[in-house]
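# Quick one, what's the 3D model for this:
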Amino acid sequence: MISFFRKIRQKLLSQNKVTQYLVYAIGEIFLVVMGILIALQVNNWNEHRKAQSQELSTMKEIIENLKYDILRSQGNSAMNLDRLVGLDSLRIAISNTIEAKDETKYIYYFALKYGQDYSQVTLNRTAYDQLINSGTIQLIDNRQLVQDLSDYYERKSFAVLDYDPGEGFVDMKNMQKKFIQFRGLDTYIQSFDSINDSSFEPGYDYSDLLQQKDLQLLQPDELKLDDYLNEIAHFQIDLKTYNFYISWAKESAEKLLEDIEKEYKIDHDQNN
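Residues are numbered from 1 along each chain as shown. The predicted structure is shown next:
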C-alpha cells in the first residue's frame, strides 16, 4: 500500500502536476490522520468497555460484601440482645441476694453465660477498597451513589468499629471477680480469674452450672453489690448503644444494596 502511494506521488511529480500533487498529499495526510483518530477512538472505546466491565464486576462484589455485612449485623445484634436479657436476669438474681434470697447458682449461671464477652461486627470493605485503589470510582456517573458509598464505608462502618463496648465489659468483669469464686469439686474451676472465653466451647451447656453443688457467693457488703449492679447497667448501656450503631449500619447497607442493584440493573433474585 505504501509502495502504491509512492508511485502515484512520483508519477505526479514527473508529469509536473504540482497542484494535483499537493492536493493528493493533503488527502493522504488527511487519510493518515483519520486512520489515527479512528484507531484512537476504537482503543478508547475498548478501554471504556473494559472499565465498565470492571466497574460492574466490582459493584457485584460490593453487593456480596453488603450482604455479608447485613447477615453479620443481624447475627451480632441478636447475640448482644440475648446478652442484654441475660444481664437483666443477673441483675435480678443479685437484687434477690441483697434481699437475702439465695440466688447464688443463678448468679454464676448468668454471669458466665452472658458476661463473657460481647459480639463485635467487622464489616467487609474489600471490594470498596479495590474500587478506590483502582481509580474505578472516578468512572461512576452517578455521583450520589459515589457519595453514599463513601458515607457507608468511610463514616458508618468506622462508627461501628470505633465504638467499643469493651470498656463497660471489662469494668463489669473486674467487679465480678471481686464477688464470685468457685468452691467444691477438685475438677471444677477454682477461681473466677481462670474463666475466659476459651474455658467454654461454643456449644457448652451452661445449664450444667445449675447442677453444681457447694457454689458460694462471697459475702461482700451491700454497697459493693450495688456497685456490681451499676457496672452491669453500664455494660448494658454500652451494648444498647453499640447495637444502635449496628442497626444503623445494617439499614444503610440495605439501602445501598438496593441503590446499586437499581443503578446497574442487577436483578436481586438472580444475584442471590
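
# What ranges does the protein have for its helices?
Remark: helices assigned in the chain by DSSP state H are 2-14, 18-98, 104-114, 126-133, 143-150, 157-162, 166-179, 222-263, 268-271.

# mean confidence score for the first one?
It refers to helix 2-14. The average pLDDT within helix 2-14 is 53.

# Stretch 208-228 now?
Stretch 208-228 comes out at a mean pLDDT of 66.

# if you compare the helices of the chain, which one is most tucked away?
Among the helices of the chain, ranked by average contacts under mean count of other CB atoms under 10 Å, first place goes to helix 104-114 (a mean of 21). C-betas here are computed from N, CA, C, even on glycine.

# what helices or strands is that one leaning on?
If contacts are counted by 3 or more CB pairs under 8 Å, 6 or more residues apart in numbering; DSSP states H and E, helix 104-114 sits against helix 18-98, strand 180-181, strand 216-217.

# So for the spatially closest residue to residue 79 that is not a sequence neighbour, what's the pLDDT?
Once flanking residues are discounted, residue 79 sits nearest to residue 119: 3.9 Å by CB to CB, 6 or more residues apart in numbering. pLDDT, residue 119: 86.

# likewise residue 159?
Residue 159 is given a pLDDT of 88.

# what sits against it?
With contact taken as CB atoms under 8 Å, 6 or more residues apart in numbering, residue 159 is in contact with 245, 248, 249.

# Look up how far residue 90 lies from it.
The gap separating residue 159 from residue 90 is 29 Å, by CB to CB, to the nearest Å.

# circling back: tabulate the contacts of residue 159 in a markdown table, adding columns for distance to residue 236 and pLDDT.
Below are the contacts of residue 159 laid out as a markdown table (distance: CB to CB, whole Å; pLDDT from 0 to 100):
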| residue | distance to residue 236 | pLDDT |
| --- | --- | --- |
| 245 | 15 | 94 |
| 248 | 19 | 94 |
| 249 | 21 | 93 |
